[in-house]
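Enquirer: Provided below for reference: sequence and predicted model.
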Amino acid sequence: MSQLDALNRQFAKYDQVEKAHTYRLAESEADEFDEDYEIATLDFGRFLHGDANEKAGFAAAFGAALHGIGFAVLTGHGVDERLYDDIAEGVVDLFTSTPLEEKMRFRAARFGSVAQGYFPIEETSEIHPDLVEGWVWCRRAFDMPQKRDAPFRAEEFWPRAEYEPRFRRLTLAHEALFKPIAQAMLQGLGCDPHLLDEKLTETNFGLRLNYYPPMSEEQDRSGAGRLLGHEDVDLFTILPATRVDGLQVWNHRSGKWVRMKAPPGSIIINTGDYMQRISNDHFPSTTHRVGKPTDGSHRETPRVSFPIAVYVWENELLEVLPGLGEPKYPPVKAIAFHTRSTSKFYGDDYAVDED
Ligand SMILES: O=C(O)CCC(=O)C(=O)O
Ligand SMILES: [Fe+2]
């Protein structure tokens, strides 16, 4: 079976939460699209600035959207759209102006739970060839408050030191949303909204920059996607709306793909494996992928995206939250959970045991 025919079920042994559906990692002529499903777009300003009623209304709608498909689009989050424009330019600049041999000095390696560093094109994972270059930095790569063994040195992580403050602006703007987003999710689950506040204080995250270069004719004909089907391993991901479309989301009710349409300046939120686990499967870790854009611009135009994955630190426990019924999963240390799940992408020796 070629990599392009691979099914997610072949890798099911890595999953640390239940994923009962079957999908092809690559796109296929046989795929069906769900043109009727509307992913909810919600005004997060109601939760950030509203009274108790507004907050409750937002939390209920957000919880319903995440329970339904694992994705929601938020407006009113307060981050200036111009920051996203600057970051989009910064991503193009970083990938196109850094020589390959320089990029390869930062080749991705495990750093705690997270595979941090540069991923060459077609090497985002060992299981399928994606047409994307990626670069991931976790909290340690930023000059931000945290416990450290040695003073921060930008050159350990960045090909040019000035990239760090530029991308730090994005991580700081989004870090300010980590707790409010988690609080709204918890309220939507009917839990105490502050259950995760402590774990999310100066928590770990992974900023991933994705650079999808224009496709060659051969790549276009090969059937390969830009980023093949996967689920995020995190609590949740914050993805600013991209200028070029292409994100597709699995609707587990219809078994069809839904094309993401998010207005400029909005952020896309999706729940990942950590959240599926602690929510006792109430919030799914939904499969998504990046295909060709609907306007056919992939032969000439690159696409960039810059999701931030929100994690808890390696030694924290992932435990089903109180009040969500008989737990389907035992408590597990985050590092074991994270590395076992992602050894699907990085090879069996990526997994780290609990102690
Ligand atoms: O590029 C996108 O729109 C999504 C990227 C993504 O799913 C990821 O990096 O995990
Ligand atoms: Fe993703």
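Expert: Structure's in. What do you need? Numbers count the residues shown, from 1 in each chain. Ligands and ions are numbered 1, 2, ... in the order given.

Enquirer: residues in contact with Pro214?
Expert: When the contact criterion is CB atoms under 8 Å, 6 or more residues apart in numbering, the partners of Pro214 are 298-302. In this view, the C-beta of every residue, glycine as well, is placed from N, C-alpha and C.

Enquirer: which one among the residues you listed gets closest to ligand 1?
Expert: Nearest to ligand 1 out of the contacts of Pro214 is Pro302 (CB to the nearest ligand atom; 11.6 Å).

Enquirer: Distance check, the closest one against Leu94.
Expert: For Pro302, the distance to Leu94 (CB to CB, to the nearest Å) stands at 12 Å.

Enquirer: shouldn't Ala65 be in contact with Ala40?
Expert: Yes - applying CB atoms under 8 Å, one finds Ala65 in contact with Ala40, separated by 3.9 Å.

Enquirer: and the two? which has more neighbours close in?
Expert: Ala65 (22 against 15; other CB atoms under 10 Å).

Enquirer: if I pick the more buried one, what's in contact with it?
Expert: The neighbourhood of Ala65, defined by CB under 8 Å, 6+ apart, consists of 39-40, 42, 71-72.

Enquirer: same thing but 6 Å
Expert: Taking CB atoms under 6 Å, 6 or more residues apart in numbering as the criterion, Ala65 is in contact with 40, 72.

Enquirer: Neighbour count for Pro302 and Leu94, which is higher?
Expert: Leu94 (21 against 17).

Enquirer: Next, the more buried one: phi, psi?
Expert: phi -60, psi -50 (degrees, to the nearest 10).

Enquirer: now do Ala108
Expert: The phi and psi values for Ala108, taken as degrees, to the nearest 10, are phi -60, psi 140.

Enquirer: Neighbours of it, how many?
Expert: Around Ala108 there are 18 other residues, counting by other CB under 10 Å.

Enquirer: Surely it and Val114 touch.
Expert: No - under the criterion of CB atoms under 6 Å, Ala108 is not in contact with Val114, lying 9.2 Å apart.

Enquirer: Among the contacts of Pro214, which ones lie close to ligand 1?
Expert: Restricting the contacts of Pro214 to those touching ligand 1 (CB under 6 Å from any ligand atom) yields no residues.

Enquirer: among the residues you listed, which are in strands?
Expert: Counting by DSSP state E, the contacts of Pro214 place none of their members in strands.

Enquirer: For the helix or strand Gly188 falls within, buried residues please.
Expert: Assigned by DSSP states H and E, Gly188 belongs to helix 163-189. Across helix 163-189, burial judged by 16 or more other CB atoms under 10 Å covers 163-164, 166-168, 170-171, 173-175, 177-189.

Enquirer: is whichever helix or strand comes after it up against ligand 1 anywhere?
Expert: Proceeding C-terminally, helix 163-189 gives way to strand 205-212 as the next helix or strand, assigned by DSSP H and E. Yes - under the criterion of CB under 6 Å from any ligand atom, strand 205-212 makes contact with ligand 1 via 208, 210.

Enquirer: Mind giving me the packing neighbours of strand 205-212?
Expert: The elements that strand 205-212 packs onto, with contact taken as 3 or more CB pairs under 6 Å, 6 or more residues apart in numbering; DSSP states H and E, are helix 81-97, strand 133-138, strand 303-305, strand 308-310.

Enquirer: What lies in contact with the longest one?
Expert: Outside helix 81-97, the residues that touch it by CB under 6 Å, 6+ apart are 133, 166, 170, 209, 211, 240, 265, 304, 306.

Enquirer: Identify the bridge partners of the fourth one.
Expert: If I follow you right, that is Leu209. For Leu209, the residues forming beta bridges with it (DSSP bridges) are Trp135.

Enquirer: From Thr124, how far out is it?
Expert: Distance, Leu209 to Thr124, by CB to CB: 12 Å.

Enquirer: which residues are common contacts for Ala65 and Ala40?
Expert: Common contacts of Ala65 and Ala40, defined by CB under 6 Å, 6+ apart, comprise Ala72.

Enquirer: List the contacts of Ala6.
Expert: The contact partners of Ala6, by CB under 6 Å, 6+ apart, come to Leu25.

Enquirer: ok, it to Ala224 distance?
Expert: Distance from Ala6 to Ala224, counting by CB to CB: 12 Å.

Enquirer: ok, now Thr294?
Expert: Thr294 sits 18 Å away from Ala224 when distances are taken as CB to CB.

Enquirer: Looking at the two, which has the bigger crowd around it?
Expert: Set Thr294 next to Ala224 and count neighbours by other CB under 10 Å: Ala224 wins out with 19 against 11.

Enquirer: Which of the three states applies to Val73?
Expert: Going by DSSP: H, G, I helix; E, B strand; the rest coil, the secondary structure assigned to Val73 is strand.

Enquirer: Model confidence for it, exactly?
Expert: Reading off the per-residue confidence, Val73 sits at a pLDDT of 98.

Enquirer: for Gln3, same thing?
Expert: Confidence at Gln3, expressed as pLDDT, is 62.

Enquirer: The contacts of Pro214: which two are farthest apart?
Expert: The widest separation within the contacts of Pro214, taken as CB to CB, falls between Arg299 and Pro302 and amounts to 10.8 Å.

Enquirer: Verify the contact between Ala115 and Glu123 for me.
Expert: No - Ala115 sits out of contact with Glu123 when judged by CB under 6 Å, with a separation of 11.2 Å.

Enquirer: And for the residue of the stretch 151-300 of the chain found nearest ligand 1, the neighbour number?
Expert: Among the residues of the stretch 151-300 of the chain, Leu247 lies closest to ligand 1, at 4.1 Å counting by CB to the nearest ligand atom. Close neighbours of Leu247, defined as other CB under 10 Å, add up to 25.
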